[in-house]
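Trainee: What shape does this take:
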Amino acid sequence: MILSLEILKVGECTFADFLFRKGGRFRMRHFPAQVALIKCSTEGWMLFDTGYSRYFGEVCATFPEKLYQFTTPVHLPEEEQLVKQLANRGVSVDQIKKIYLSHFHADHVAGLRDFPDAEIVFSREAHEPYLNMKRFDQVKYGFLAGLLPDDLSERSQVQDAVTLDDLCNEPAVQLVQLAGHSMGHCGLLVRVAKQEVLLVGDAIWTMDEFNQEIELRPLAERVIWDKQKYRQTQRAIRAWLSVAPNRQIVVSHELSNLKIAQDISL
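Mentor: Numbering: from 1, shown residues only. The predicted structure is shown next:
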């Protein structure tokens, strides 16, 4: 049983609004990196993604990695460090037993080194294709190898994610295929307090994009691995939401104050 789910902002990057969307303004747009903190009655504390960390700046001090930082400048206040936010909630680093990853872009994995005891769960396609790329190509596709723990292979649990059509009532947490944004991109379905919350990662950047209120610029779309699958995934998410009123989604790069706790007093 999932006892609680909370969304935390762990740093942000900025990108010009007029380069992100058609009709955008000449100002910088902020894209928060969000992390889900999940408490399970049987497995303890878990995370979905890790956001930014101090390691990001260290890795981006060299070329070609510094191109990533130059393209999307990162801001991580001390109070938003994930380890500090967890400590403020009474959760220690060694209490995080499992980390689910949506994909391996730097803004989703930069904090992995802070959790040396956690099992790391992801889809096979999300990691393996990067291993045969040259370093410059890795950076081009948002992958910074220096952010990953040295013992990643020993702590990994590679899963076959299910599709939205194949979701079952159990377990309470499921890795879900949400293809398009990057190789092997996944979301996480969390069932808590009679609600189904789909953490969609970067399958959707912002809700105004999802609601078709804006159109992305070609420069922003260049980082999408497969634009056709990206759009198909968004249509599938809309269909999934329409089936039941207790369903909701959380996108990674738009602020959310979601905090749900299971009533276990009964």
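
Trainee: what's the helix or strand for the residue nearest in space to the middle of the chain?
Mentor: Most central in the chain under C-alpha atoms, centre = their mean is residue 201, positioned 4.0 Å from the mean C-alpha point. Counting by DSSP states H and E, no helix or strand carries residue 201.

Trainee: Could you list which residues are in contact with it?
Mentor: Counting by C-beta atoms under 8 Å, 6 or more residues apart in numbering, residue 201 makes contact with 48, 49, 102, 103, 108, 178, 181, 185, 186, 187, 188, 252. In short, each C-beta sits where N, CA and C put it, glycine included.

Trainee: Buried residues in the top strand by length along the chain, which are they?
Mentor: Scanning the chain for the longest strand, with DSSP state E as the assignment, gives strand 2-16. Buried positions in strand 2-16, judged by neighbour count with 16 or more other C-beta atoms under 10 Å: 2-13, 15-16.

Trainee: From those, pick the one nearest residue 231.
Mentor: Nearest to residue 231, judged by C-beta to C-beta, of those is residue 15 at 20.7 Å.

Trainee: Quick one: the strands in the chain, in order.
Mentor: For the chain, applying DSSP E gives strands covering 2-16, 28-40, 44-48, 74-75, 96-100, 119-123, 156-159, 173-177, 186-192, 195-199, 247-250, 259-261.

Trainee: Which of those strands sits closest to residue 85?
Mentor: It is, among the strands of the chain and with distance given as C-beta to C-beta, strand 2-16, at 5.4 Å.

Trainee: Give me the helices and strands touching the longest helix anywhere in the chain, please.
Mentor: Ranked by number of residues, the top helix in the chain under DSSP state H is helix 227-243. Helix 227-243 sits against helix 207-210, strand 247-250, with contacts defined as 3 or more C-beta pairs under 8 Å, 6 or more residues apart in numbering; DSSP states H and E.

Trainee: Quick check: buried residues in the first one?
Mentor: Read it as helix 207-210. Within helix 207-210, the residues scored as buried using 16+ other C-beta under 10 Å are 209, 210.

Trainee: Can you name the residues that contact the closest residue to residue 205 other than its chain neighbours?
Mentor: Counting by C-beta to C-beta, 6 or more residues apart in numbering, residue 205 lies nearest to residue 253, which is 5.0 Å off, once chain neighbours are set aside. Contacts for residue 253 (C-beta under 8 Å, 6+ apart) come out as 31, 32, 33, 34, 202, 205, 206.
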